[in-house]
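S.K.: no sequence on this one, just coordinates:
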């Protein structure tokens, strides 16, 4: 190669160093992501072991109280609304000039 087209020694050293720094940063990110994945995978069995090893809690029954009347609002049947709407829609006529649909 002619000497005019050859890179100077300073330019040659800068390019691999920049690429090396980028590769090192990528390696650190890959290592960090691997550690994060293994931590998440290990968290499940560790939580299960802690749950099994912990002492069971005893639940005491609440004292029997006098029953109270509970008022519940009955929800309307949505099928009834759909049936009413469909019936009104099928009975309507766009040909009648006096209906709201025609207007």
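M.R.: On my side now, so go ahead. If you're wondering where the values come from, they're calculated on a predicted model, not measured in any experiment.

S.K.: this protein: strands as residue ranges?
M.R.: For the chain, strands defined by DSSP state E do not occur.

S.K.: where in it is pLDDT low?
M.R.: Along the chain, segments meeting pLDDT under 70 span 1-18, 67-77, 94, 99-103.

S.K.: pull the longest helix from it.
M.R.: Ranked by number of residues, the top helix in the chain under DSSP state H is helix 9-53.

S.K.: which neighbouring elements make contact with that helix?
M.R.: Contact partners of helix 9-53 among helices and strands, from 3 or more C-beta pairs under 8 Å, 6 or more residues apart in numbering; DSSP states H and E: none. Yep, even glycine has a C-beta here, placed from its N, CA and C like the rest.

S.K.: so residue 91 versus residue 37, what's the distance?
M.R.: Using C-beta to C-beta, to the nearest Å, one gets 63 Å for the distance from residue 91 to residue 37.

S.K.: so between these two, which is more surrounded?
M.R.: Counted by other C-beta atoms under 10 Å, residue 91 and residue 37 do not tie: residue 37 has more neighbours, with 10 against 7.

S.K.: and that one, how far from residue 50?
M.R.: 21 Å.

S.K.: run a quick neighbour tally on residue 92.
M.R.: Counted with other C-beta under 10 Å, residue 92 comes out at 13.

S.K.: backbone dihedrals for it, please?
M.R.: Dihedral pair for residue 92: phi -70, psi 160, per degrees, to the nearest 10.

S.K.: any idea how far it is from residue 98?
M.R.: Counting by C-beta to C-beta - residue 92 and residue 98 are separated by 12 Å.

S.K.: ok, now residue 21?
M.R.: Remark: distance between residue 21 and residue 98 (C-beta to C-beta) = 82 Å.

S.K.: please apply the same query to residue 90.
M.R.: Distance, residue 90 to residue 98, by C-beta to C-beta: 18 Å.

S.K.: go on, residue 27?
M.R.: Between residue 27 and residue 98 the distance is 80 Å, computed by C-beta to C-beta.

S.K.: residue 56 now?
M.R.: Going from residue 56 to residue 98 by C-beta to C-beta gives 74 Å.

S.K.: now swap in residue 45 and tell me
M.R.: On the measure of C-beta to C-beta, residue 45 and residue 98 end up 74 Å apart.
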